[in-house]
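Colleague: Okay, predicted coordinates and the sequence, questions at the end:
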Amino acid sequence: MPESNQNISGSPAGNNSTSKDRSAARGDSTVRSSQNVKGGTSESSHLRHKNDHRSKSSDNDSRERSRTIISYIFSFVLSLFVLLGTVCIVVLACLFSEGFFFNVIEDDYYESVLSEVVTAAEDYTIPAEFDISVLDGVFTVSDVRRDVNGYITAAFRGYNYKPDMQSQNSELYANVSNFIAENNVPVEGDQESVISAYVEEIDNIYLDKVTIPGINLIEMAREKVKGFITVALILLFAFSLILCVVLIRLYRYPHQGARFIAYSAGGCTLMSFVLPFYFYLSKVYERVQISPEYFYRFVTSYIRHILFSFMQASLIWLILTIGCVVFVYLSKNNMLGGKLRKKLMRKIGSLQRRH
Amino acid sequence: MPAIFAVLGYGVLRVALAPVWNLGVSIASLVIADDAPNFNPELSSTYNPEAEKPSDAPEDSEDDAISIDDIDLPSDGERYANVTCERIGLDSPVYWGDSSAILRNGAGHSKFSFLPGFGRIIVLSAHNTSFFKPLKDIEEGDVITLDTNYDTYKYNVTSVKVMHEDDLGKKIENMLLEEKETLMLYTCYPFHAISGRKTKRLVVLGERIEGVDVIWREQ
């Protein structure tokens, strides 16, 4: 066991041995010189007593210093644990949460998807010799909303979603048939199969656009990582609790340990705020080069919400920091007040006795 | 003290999570550019039909080539030329790139092909329902004019063929290696007929008969 640990644990053997050694080292020369000069035994015992006292206070200083250093280390480790715990919570509550996905989707997301569907369908319709009017009223925002939400829910709950496109297909089929009949456009091959092929292609365009790219990957990642993150979160919580208890128990008064917990909470506040805030302010995430536009907007909104979540978590840690600081301040004042009160009472008592 | 913890904490995490961090930075450098993407690029134009061209100069002029430094190379979505064929009534603006937005506004110049004057293949495409509709009447021997913002080029049509889209891809791949200036115009086929997904293409090839060469650097 290292010497410093023995001092902290307050082992009497350790303390005695060190104090004796030190007093021997420091005191002997002083004692010898004092004997040479005065030759008095009372003087030498007084000096020995003084040296003992000095060495004891030096031991206390060193013990106090070691305890402080250890407290700082524990406090720093605690702040890292709390930060990692915050990251785990944000990942669980944001990255892998169905509700968070729906929060991220802005109201005009569905309109953007619809506009993209219509543009892509028109780009296919123009060279196919149809008029783009055949697409009028085929797709609606409510269809898009239903199918986008359906895909998200299915991905998070682990089943396959198949949009019901029957009404859209029959409307498109009717529009195309009318167009051919009204304009007398020649059809190469069987009209039925030509129209069916066109409708099928438009269906594929629609299905491609309403699916959020990569959503299945998120679900796969969730399946694999969720258990690990949950265990990590429990362990981090347990270790953080142990560190808090150790920090409190290291000192005679709880507020002395609470000071270090306040440091941890403060450190975690800064760590979980500064970097997300920097990314939020610099808007780095808005320079990400992905398309189409609705997906870009979804991704940037998603990242912005995650950064916000970190900043919200930092607010919780800030409140905890302030709580700890207030607790330390009040406890210190109460203790000082108690000591002063005791002193005052003693003085009043002695004055009363005199009178 | 919390500030020191924060700095130290970031340092410790940076070192401890170095592989993850480096991977993240590598991915970010691939997908993050200097500016946010522009999803509504407006088509622009540097084409000026009135501009003085080297081919307008007198015949005794020694200007039979221009330097690439004298050309305003078109950027994405920029109109730099006009393609015409008087006999069939073809007259279409030509843009650099062939996105859907471009094809709604004119003919698109495939970015993997060359500009006129470079002695290599030039590939233009447009919808058969709009700008390249007149191609249904084109014949061998017709002259196609490609008026760019640096010179006017004329091409004699040498071949008009219908081929499958896959064969067209292979043909273009082969022609990219040829050191011969060929203009290729293609569009969907057949015209005026609904056939579901159109897999055939009308391909028109022409050889250059007029226009100056573009040289890479002054020699």
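Modeller: On my side now, so go ahead.

Colleague: now check the host helix or strand of residue A:233, is it near chain B?
Modeller: Per DSSP states H and E, residue A:233 falls inside helix A:215-249. No - against chain B, helix A:215-249 shows no contacts by C-beta under 8 Å from any C-beta of the partner chain, the least distance being 13.3 Å. In short, each C-beta sits where N, CA and C put it, glycine included.

Colleague: Contact partners for residue A:152?
Modeller: Each residue near residue A:152 by C-beta atoms under 8 Å, 6 or more residues apart in numbering or on different chains is listed here: A:98, A:101, A:102, A:212, A:215.

Colleague: residue contacts, residue B:39?
Modeller: A:291, A:292, A:293, A:296.

Colleague: try 6 Å
Modeller: residue A:293 (C-beta atoms under 6 Å, 6 or more residues apart in numbering or on different chains).

Colleague: now do residue B:133
Modeller: Listed by C-beta under 6 Å, 6+ apart, residue B:133 has no contact partners.

Colleague: What is the burial count for residue 215?
Modeller: Went with chain A since none was named. Residue A:215 has 16 neighbours, counted by other C-beta atoms under 10 Å in any protein chain shown.

Colleague: not quite, I wanted chain B
Modeller: Neighbourhood size, residue B:215 [other C-beta under 10 Å]: 16.

Colleague: Kindly state the beta-bridge partners for it.
Modeller: Here residue B:215 sits in beta bridges with residue B:67, going by DSSP bridges.

Colleague: any idea which helix or strand comes after the one helix or strand residue A:76 maps to?
Modeller: Per DSSP H and E: residue A:76 is located in helix A:41-90. Next in sequence after helix A:41-90, counting helices and strands by DSSP H and E, comes helix A:98-104.

Colleague: CA atoms only for that following helix, dumped as PDB, please.
Modeller: What follows is helix A:98-104, C-alpha atoms only, in PDB (Å, rounded to 0.1, in the frame of the first residue of the first chain):
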ATOM      1  CA  GLU A  98     -39.800   6.500 -33.000                       C
ATOM      2  CA  GLY A  99     -41.400   9.500 -31.300                       C
ATOM      3  CA  PHE A 100     -38.300  11.600 -31.900                       C
ATOM      4  CA  PHE A 101     -38.500  10.800 -35.600                       C
ATOM      5  CA  PHE A 102     -42.000  12.100 -35.800                       C
ATOM      6  CA  ASN A 103     -40.900  15.200 -33.900                       C
ATOM      7  CA  VAL A 104     -38.100  15.800 -36.300                       C
END
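
Colleague: Now that helix: buried residues?
Modeller: For helix A:98-104, burial by neighbour count (16 or more other C-beta atoms under 10 Å in any protein chain shown) applies to A:100, A:101, A:104.

Colleague: Give me the helices and strands touching the helix holding residue A:233, please.
Modeller: The contact analysis (3 or more C-beta pairs under 6 Å, 6 or more residues apart in numbering or on different chains; DSSP states H and E) places helix A:215-249 against helix A:41-90, helix A:141-157, helix A:254-282.

Colleague: quick check, the helix holding residue A:76 touching chain B?
Modeller: Yes - counting by C-beta under 6 Å from any C-beta of the partner chain, chain B has neighbours in helix A:41-90: A:76, A:79, A:80.

Colleague: Now tabulate these in TSV and tack on neighbour count.
Modeller: As requested, those are arranged in TSV below (neighbours: other C-beta atoms under 10 Å in any protein chain shown):
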residue	neighbour count
A:76	20
A:79	31
A:80	21
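
Colleague: Looking at those, spot the one nearest residue A:330.
Modeller: Within the residues of helix A:41-90 next to chain B, proximity to residue A:330 (C-beta to C-beta) peaks at residue A:79, which comes in at 23.1 Å.

Colleague: I'd like the distance between that closest one and residue A:331.
Modeller: 22 Å (C-beta to C-beta, to the nearest Å).

Colleague: Enumerate the residues of chain B near chain A.
Modeller: Within chain B, the positions near chain A by C-beta under 6 Å from any C-beta are B:1-2, B:5-6, B:9, B:31-33, B:36-37, B:39, B:100, B:127, B:129, B:188, B:193-197.

Colleague: Among those, which are located in helices?
Modeller: Here DSSP state H is the test, and the residues of chain B next to chain A give B:2, B:5, B:6, B:9, B:31, B:100 as lying in helices.

Colleague: Return the entry from those with the maximum number of neighbours.
Modeller: residue B:5 (25 neighbours).

Colleague: how about that one, what does it touch?
Modeller: A:76, A:79, A:267.

Colleague: sorry, back to before: any chance of the buried residues of helix A:98-104 in TSV with pLDDT as columns?
Modeller: Below are the buried residues of helix A:98-104 laid out as TSV (pLDDT from 0 to 100):
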residue	pLDDT
A:100	82
A:101	80
A:104	80
